[in-house]
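Q: Predicted model, plus sequence, below.
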Amino acid sequence: GEAEVLKPKPSYEEAAEALRHPAILAEGALPVLGQLPLPGLTLKAKVLKFGDAAGADAAGDEVVELDPDVWALPPRPEVVQQVVTWHRAGLRAGNASTKTYADKSGSGRKLYQQKGSGKARAGNIRAPQRLGGVKTHGPKPRNWSYPLNKKIRNLGLRVALSAKLREGKLIVVDGLDLGSHKTAETHAA
């Protein structure tokens, strides 16, 4: 297969343009890529009324203010990778198990004498090199989870939310009061 070509990091102008997405109403100086948002930056997003067709732009659209410390962070893929790996490690069942000598049925006696038979020397019938033998250093049930600093976890979530908002893949809705649990009625609205 071909090696994946890494895309160059976006310039400040591209990052600034991304924050000027139509759904994000940025006011004030935008942060330099790789730095935290400036104190004067305010972000606002249009609130989509649930059931509106494609979020029609009305004159009296409701706008909600977004905290730049959450919604305007620069991309930090290394932090997101840490948080995703930590989360997925916590989800692992960790119940793979193999049998050791203690678990395996079968005698521990020597099969036949060491010398004189003309056969290769052999000990236990459940030795690892024999058919039906034990597994040496095999997996045993374990807990794969590990601690991750709360600040890193928090930063990972905020970076992910900022990225989704920048890509225009995040919608603010006024509420999820559907009235009914039926999908067909939701689609009809």
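A: Thanks, I have it.
Q: Least confident secondary structure element in the protein?
A: Least confident helix or strand, the chain: strand 24-27 with a mean of 50, by mean pLDDT, DSSP states H and E.
Q: quick one: low-confidence ranges for this protein?
A: 1-44, 46-61, 189 (pLDDT under 70).
Q: show me where it has helices.
A: Using DSSP state H, the helices of the chain run over residues 12-19, 68-71, 77-91, 150-166, 183-188.
Q: got the contact list for the last one?
A: Counting by Cβ atoms under 8 Å, 6 or more residues apart in numbering, helix 183-188 makes contact with Leu178, Gly179, Ser180, all of which sit outside it. C-beta: built from backbone N, CA, C; applies to glycine.
Q: How many residues are close by the second one?
A: Under the neighbour criterion other Cβ atoms under 10 Å, Gly179 is assigned a count of 9.
Q: contacting residues around it?
A: Gly179 makes contact with Glu185, according to Cβ under 8 Å, 6+ apart.
Q: What's the separation between it and Ala188?
A: With distances taken as Cβ to Cβ, to the nearest Å, Gly179 is found 11 Å from Ala188.
Q: Gln82 now?
A: Gln82 is 43 Å from Ala188, where distance means Cβ to Cβ.
Q: Comparing those two, which residue is more hemmed in?
A: Each of Gln82 and Ala188 has its neighbours counted (other Cβ under 10 Å); Gln82 has more, 17 against 8.
Q: And for the more buried one, nearest residue in space, chain neighbours not counted?
A: Of all residues not flanking Gln82 in the chain, Ile152 sits nearest, at 6.1 Å (Cβ to Cβ, 6 or more residues apart in numbering).
Q: what's near enough to touch the one you found?
A: Counting by Cβ under 8 Å, 6+ apart, Ile152 touches Val79, Gln82, Val83.
Q: circling back to that earlier point, to Lys104, which of the helices of the chain lies closest?
A: Among the helices of the chain, the nearest to Lys104 by Cβ to Cβ is helix 77-91 (30.3 Å).
Q: Which positions within that closest one qualify as buried?
A: Neighbour-count burial for helix 77-91, counted by 16 or more other Cβ atoms under 10 Å, picks out Val79, Val80, Gln82, Val83, Trp86.
Q: could you pull out the strands for the chain?
A: Using DSSP state E, the strands of the chain run over 24-27, 42-48, 63-66, 172-173.
Q: Do me a favour and get the end-to-end distance for stretch 94-109?
A: End-to-end distance for stretch 94-109, by Cα to Cα, to the nearest Å: 34 Å.
Q: Can you say which of the helices of the chain is nearest to Arg142?
A: Among those, helix 77-91 comes nearest to Arg142, with 11.2 Å by Cβ to Cβ.
Q: Grab the nearest non-local neighbour of Asn95.
A: Closest residue to Asn95 apart from its sequence neighbours, by Cβ to Cβ, 6+ apart: Pro141 at 4.9 Å.
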